[in-house]
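Undergrad: Pasted the sequence and its predicted model underneath.
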Amino acid sequence: MEEIIRKVKEKLRNEEAKPYTDKWYDKMKEKFDGLKHFDKVTDIPEIPAFKNEDLYKEIVVKNLIRCGAIPKNDLTVGKTYLGDCRNTHEATWNGDEFTYNRYKFGDWFEDTINHFEDEMYYDVFIPIKEKKTI
């Protein structure tokens, strides 16, 4: 893992416009490496936008899964999951993305959001457990 991070940082150093510094990535690595298991949705941290996909997978995705986030390949189509994103704490997996009911400008409508393994720039849904039905 350290070798991957070193190589990516070297590549970033050679880019003309570098929006994130080595120090920023080191801070993110420390933050995510220090996460504890997610017992409730409020334990899930905010995910900052990453520019580099390799570092996002190495720092964020691996640590979210280590702490209890459900990987995409373990989700079941049609099941509703408890988790976190900006607009909801539960969403239903349709095989490609999550759907959920969103309230905006006085109206409710169905919206979609990506799984955390599929997106590193925008908001994502981080599922931690299947919602039990009565």
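TA: Looks like it came in fine.

Undergrad: only C-alpha atoms for contact and neighbour calcs from this point on.
TA: Will do.

Undergrad: So which residues of the chain form helices?
TA: Listed in chain order, the helices of the chain (DSSP state H) span 2-13, 22-33, 53-55, 62-66.

Undergrad: mean confidence for the shortest one?
TA: Taken as a whole, helix 53-55 has an average pLDDT of 90.

Undergrad: So for that helix, what gets flagged as buried?
TA: Across helix 53-55, burial judged by 16 or more other Cα atoms under 10 Å covers Leu55.

Undergrad: by contact count, what packs against it?
TA: Helix 53-55 makes packing contacts with helix 2-13 when contacts are defined by 3 or more Cα pairs under 8 Å, 6 or more residues apart in numbering; DSSP states H and E.

Undergrad: what pLDDT, on average, does the helix it packs on get?
TA: Mean predicted lDDT for helix 2-13 stands at 68.

Undergrad: tell me the centre residue of this structure?
TA: Phe116 (3.4 Å; Cα atoms, centre = their mean).

Undergrad: Verify the stated contact: that residue with Phe98.
TA: No: counting by Cα atoms under 8 Å, Phe116 does not reach Phe98; the two are 10.6 Å apart.

Undergrad: anything in contact with each of these two?
TA: With contacts taken as Cα atoms under 8 Å, 6 or more residues apart in numbering, Phe116 and Phe98 have Phe125 as neighbours in common.

Undergrad: Counting neighbours, what do you get for Glu130?
TA: 17 (other Cα atoms under 10 Å).

Undergrad: Any stretches of this structure with poor pLDDT?
TA: Within the chain, the stretches with pLDDT under 70 are 1, 4-5, 7-20.

Undergrad: Let me have the helices of the chain in JSON lines, adding distance to Lys40 as columns.
TA: Putting those into JSON lines (distance: least, Cα to Cα, whole Å) gives the following:
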{"stretch": "helix 2-13", "distance to Lys40": "30"}
{"stretch": "helix 22-33", "distance to Lys40": "17"}
{"stretch": "helix 53-55", "distance to Lys40": "26"}
{"stretch": "helix 62-66", "distance to Lys40": "13"}
